[in-house]
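> mind folding the following:
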Amino acid sequence: MAWFIRSKTPKEKLKVRRLTIPEGLWLKCDSCTDIIYRTELDRNLRVCPKCNYHHRMTAFERIELLIDEGSFVDKDTRIYSKDPLRFRDIKKYTERLRTYTKKTGVLDAVICGEGNIHGNKVQICAMEFGFMGGSMGSVVGEKITRAIERATFKRNPLVTISCSGGARMQEGILSLMQMAKTAAALAQLSGAKVPYISVLADPVTGGVTASFAMLGDIIIAEPGALIGFAGPRVIEQTIKQKLPEGFQRAEFLLEHGMIDMVVHRKELKSTIGKLLDLFHS
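Have a look, this model is predicted:
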């Protein structure tokens with residue numbers, strides 16, 4: 001009878017039941033390339049527990065990190081971009097806007113509002129890198145300018161968290177005008193003697209660096225953040241020289257007097273809170 005019974009092959013005997021692991025449960029650190037449990041990374045404020053690399057956060061995550069619970073009020077939520085230049089590359093600009101709105105859940109690359117940090121009322125702006133690389137177009141410039149004007153009128157300190165690839169090419173000169181627009185509003189804020197704290201997250205480049213991001217009374221950067229105008233490769237090709245190690249990183253800028261502090265994300269709220277207390281004293 002054994003002739004009629006199919007015995008398992010050695011290969012079949014070694015087969016084990018496959019474990020189904022949900023997608024997105026683990027991720028690889030962009031710096032040390034180690035595999036990290038996503039929940040552990042989120043619990044650690046999206047800072048790698050092995051190499052201390054600061055992964056990017058969404059605009060709402062940054063606001064949640066800094067603003068006292070339950071105190072945030074979103075402002076200017078219905079402003080969205082038009083397409084005055086009727087710009088098209090591979091896709092129409094309007095199609096890109098719809099895609100990124102669906103992807104991120106916001107209408108443009110900045111969230112602005114007011115809330116409290118350690119009980120101090122502030123106006124706050126947090127840029128959303130997930131929306132077209134946090135690029136600054138007419139809507140971003142308008143929302144930030146309105147936040148600056150509210151800070152001036154209400155005499156609330158202003159806090160911005162920048163994370164941007166620069167001005168938005170799809171809006172041409174209209175995006176470049178936002179540099180002068182935000183800088184002019186900040187001049188009025190400074191004239192009113194209202195403090196402005198600028199936080200730089202990775203990356204801050206282009207027109208954002210060349211305008212409101214570097215005009216703070218106090219400029220704070222997260223560790224390892226890339227901060228500059230043109231990219232290192234463009235600079236090397238222009239000056240025909242090799243750039244120094246760590247060029248355009250937060251620590252390099254601190255050493256050369258371009259920023260005031262490099263602060264770990266876990267200490268960011270307490271640091272800003274202490275600064276606001278000093279301004280009020």
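> hey, where'd the helices end up in this protein?
10-13, 38-43, 59-66, 93-104, 138-154, 173-191, 206-209, 232-239, 250-255, 265-280 (DSSP state H).
> who's in contact with the closest residue in space to Ser135 that isn't next to it in sequence?
Nearest-residue entry for Ser135: Arg168, 3.8 Å, with adjacent residues in sequence omitted and distances by C-beta to C-beta, 6 or more residues apart in numbering. For the C-beta atoms, the positions are set from N, CA and C on the backbone; glycine is no exception. By C-beta atoms under 8 Å, 6 or more residues apart in numbering, the residues touching Arg168 are Met132, Ser135, Met136, Gly137, Val140, Ser175.
> how about 10 Å then?
81, 87, 93, 108-109, 132-141, 174-176, 178, 206-207 (C-beta atoms under 10 Å, 6 or more residues apart in numbering).
> next one: Ala167
Ala167 touches 135-137, 140-141, 173-179, 205-208, 210-211, counting by C-beta under 10 Å, 6+ apart.
> show me the shaky parts of the protein.
1-23, 281 (pLDDT under 70).
> any figure for the gap between the residue positioned nearest the centre of it and Val234?
Centroid-nearest residue in the chain, with C-alpha atoms, centre = their mean: Cys163, separated by 3.2 Å. Noted for Cys163: a distance of 20 Å to Val234, by C-beta to C-beta, to the nearest Å.
> now Glu222
23 Å.
> between the two, which one's more packed in?
Taking neighbours as other C-beta atoms under 10 Å, Glu222 and Val234 compare with Glu222 leading, 23 against 11.
> can you get me a residue count around Ala225?
23.
> wouldn't it be in contact with Ser164 here?
No. Look at Ala225 against Ser164 with C-beta atoms under 10 Å: they stay out of range, at 11.6 Å.
> shared neighbours, the two?
Leu200, Ala201, Pro203, Val204.
> tell me the one of the residues you listed nearest Glu245?
Checking these against Glu245 by C-beta to C-beta gives Pro203 as the nearest, at 17.9 Å.
> can you report how many residues neighbour the closest one?
23.
> isn't Lys266 right up against Pro49?
No. Shown here, Lys266 and Pro49 do not form a contact pair, counting by C-beta under 10 Å, at 11.5 Å.
> the two: who's more crowded?
Pro49 (14 against 11).
> excluding sequence neighbours, find me the nearest residue to that one.
Glu40 is the one closest to Pro49 (C-beta to C-beta, 6+ apart), at 6.4 Å.
> over to Phe131?
Going by C-beta to C-beta, 6+ apart, Phe131 has Ala109 as its nearest residue, at 4.1 Å.
> the one you found reaches Cys163, doesn't it?
Yes. Here Ala109 reaches Cys163: they are 9.1 Å apart, a contact under C-beta under 10 Å.
> quick check: the gap between Ile36 and Arg249.
From Ile36 to Arg249 the distance is 22 Å (C-beta to C-beta).
> for Val199, same thing?
16 Å.
> same deal with Ile197?
Distance from Ile197 to Arg249, by C-beta to C-beta: 21 Å.
> ditto for Arg56
From Arg56 over to Arg249 (counting by C-beta to C-beta), the distance is 16 Å.
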